[in-house]
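# kindly generate the corresponding structure for this input.
(one chain, ligands or ions: 1)
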Amino acid sequence: MRSFPLGTSLSPTPLNTSKISSFNINFKKPTTFPSWGSTPPHEFSLSQSGLCRASQVADLFPTVSPEIIVREARLEDCWEVAETHCSSFFPEYSFPLDFVLRMDRLVAMLAGFTLPNGCKRTCLVAVIGNSFGETIVFGSDDLKVGGFDGKFSLNKGYVVGILTVDTVADFLPRKGPLRQKRTGIAYISNVAVREKFRRKGIAKHLVAKAESKARSWGCRAIALHCDFRNPAATKLYQGQGFRSIKVPAGANWPQPKTSPDMKFNFMMKLLNN
Ligand SMILES: CC(=O)SCCNC(=O)CCNC(=O)[C@H](O)C(C)(C)COP(=O)(O)OP(=O)(O)OC[C@H]1O[C@@H](n2cnc3c(N)ncnc32)[C@H](O)[C@@H]1OP(=O)(O)O
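Sure thing, here's the model as predicted:
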């Protein structure tokens with residue numbers, strides 16, 4: 001299965017906790033980080049600012065809560081975003097191809113997708129293990145690397161789910177004889193949850209957060225394309241109130257560029273503002 005462009009626009013203020021939502025999930029047994037072991041996945045040095053390493057802080061404040069937080073992606077998340085994307089959409093790839101794929105994804109994200117004027121794009125991440133929230137965030141509001149926020153925090157958590165929402169309208173039906181792009185309709189893409197964390201309501205939470213983001217941008221509706229042969233995703237969106245839109249016969253509606261044999265279900269939901 002293939003997906004389409006991913007990028008982010010990001011949180012302007014480090015301490016604005018209104019941008020974060022969290023919820024508890026019930027794990028059958030005590031949860032540990034899936035791949036941390038004794039070393040957290042992102043061990044970066046903050047020596048320039050005289051601070052200790054993220055791993056040391058994680059050791060000092062071990063994660064005890066299996067809480068999931070949905071927030072906007074930051075620079076520090078980019079590798080795990082690429083990893084979540086590739087392992088979910090291309091699970092059949094093994095080393096070294098999977099590594100090449102992740103690198104390709106990473107470069108694509110960091111190279112950035114330029115946004116047309118006035119458009120918004122945000123990558124949301126569901127993270128686990130962010131035991132003390134976003135209270136310690138470093139970096140400047142002005143610094144952007146590709147589509148990612150140039151900020152990072154000491155206890156970033158581990159990315160288990162991703163979603164991109166934008167107002168670029170590349171894949172929405174055009175209007176008028178001049179085939180102008182639509183406005184006021186947000187578009188969801190690249191929804192993925194790591195396999196071990198599925199069926200815990202993470203995707204539902206990401207979609208709900210995307211809807212509230214779209215509302216905050218003034219959108220009146222939200223849309224997406226979903227592979228016809230993906231019953232899990234179809235059920236997810238139907239359950240969240242999305243309805244399939246019948247494409248008129250012969251209509252030239254833009255579709256995500258994937259393999260030619262892929263058939264998409266175009267789904268939409270009105271947002272109650
Ligand atoms: C617009 C797009 O990006 S479409 C692309 C969607 N992404 C993918 O297909 C990538 C691979 N798949 C995944 O990453 C995940 O399976 C997702 C994103 C489809 C679902 O993520 P999850 O976190 O497991 O979904 P979540 O737990 O929130 O489930 C919500 C609902 O979706 C439906 N659902 C999710 N997975 C399944 C499944 N395997 N079988 C049947 N229904 C399912 C159910 O109705 C579920 O509600 P319920 O648990 O109360 O019955």
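# quick one, what contacts residue 82?
102-103, 105-106, 109 (Cβ atoms under 8 Å, 6 or more residues apart in numbering). The C-beta positions use only the backbone N, C-alpha and C, and glycine is treated the same way.
# give me the buried subset of those residues.
Buried members of the contacts of residue 82, counted by 16 or more other Cβ atoms under 10 Å: 102, 105-106, 109.
# out of those, who's nearest the ligand?
residue 105 (14.0 Å; Cβ to the nearest ligand atom).
# element containing the nearest residue to residue 202 once chain neighbours are set aside, please.
Spatial nearest neighbour of residue 202, chain neighbours left out: residue 161 (4.4 Å); criterion: Cβ to Cβ, 6 or more residues apart in numbering. Assigned by DSSP states H and E, residue 161 belongs to strand 158-166.
# list the strands paired with the helix or strand following that strand, with their directions.
As assigned by DSSP H and E, the chain's next helix or strand after strand 158-166 is strand 185-193. Note on strand 185-193: by DSSP bridges, its sheet partners are strand 158-166 (antiparallel), strand 221-227 (parallel).
# wait, which of those is closest to the ligand?
Closest approach to the ligand among these (Cβ to the nearest ligand atom): strand 221-227, 4.0 Å.
# what does the following helix or strand past the closest one rub up against?
For strand 221-227, the following helix or strand on the C-terminal side (DSSP H and E) is helix 231-239. Residues outside helix 231-239 that contact it (Cβ under 8 Å, 6+ apart): 191, 203-204, 207, 224, 226-228, 265, 267.
# now the angle from helix 231-239 to strand 185-193?
140 degrees (axes from the mean of the first three to the mean of the last three Cα atoms, to 10 degrees).
# what lines up beside the following helix or strand past helix 231-239 in the sheet?
On the C-terminal side of helix 231-239, the nearest following helix or strand under DSSP H and E is strand 243-244. In the sheet containing strand 243-244, the strands it pairs with under DSSP bridges are strand 264-270 (antiparallel).
# how about the strand it pairs with: buried residues?
264-269.
# quick one: that strand near the ligand?
No. Counting by Cβ under 6 Å from any ligand atom, the ligand is not contacted by strand 264-270; separation bottoms out at 8.2 Å.
# who touches that strand?
The set of residues external to strand 264-270 that reach it, using Cβ under 8 Å, 6+ apart, is 185, 211, 220-228, 234, 237-238, 240-245, 247, 253, 255-256.
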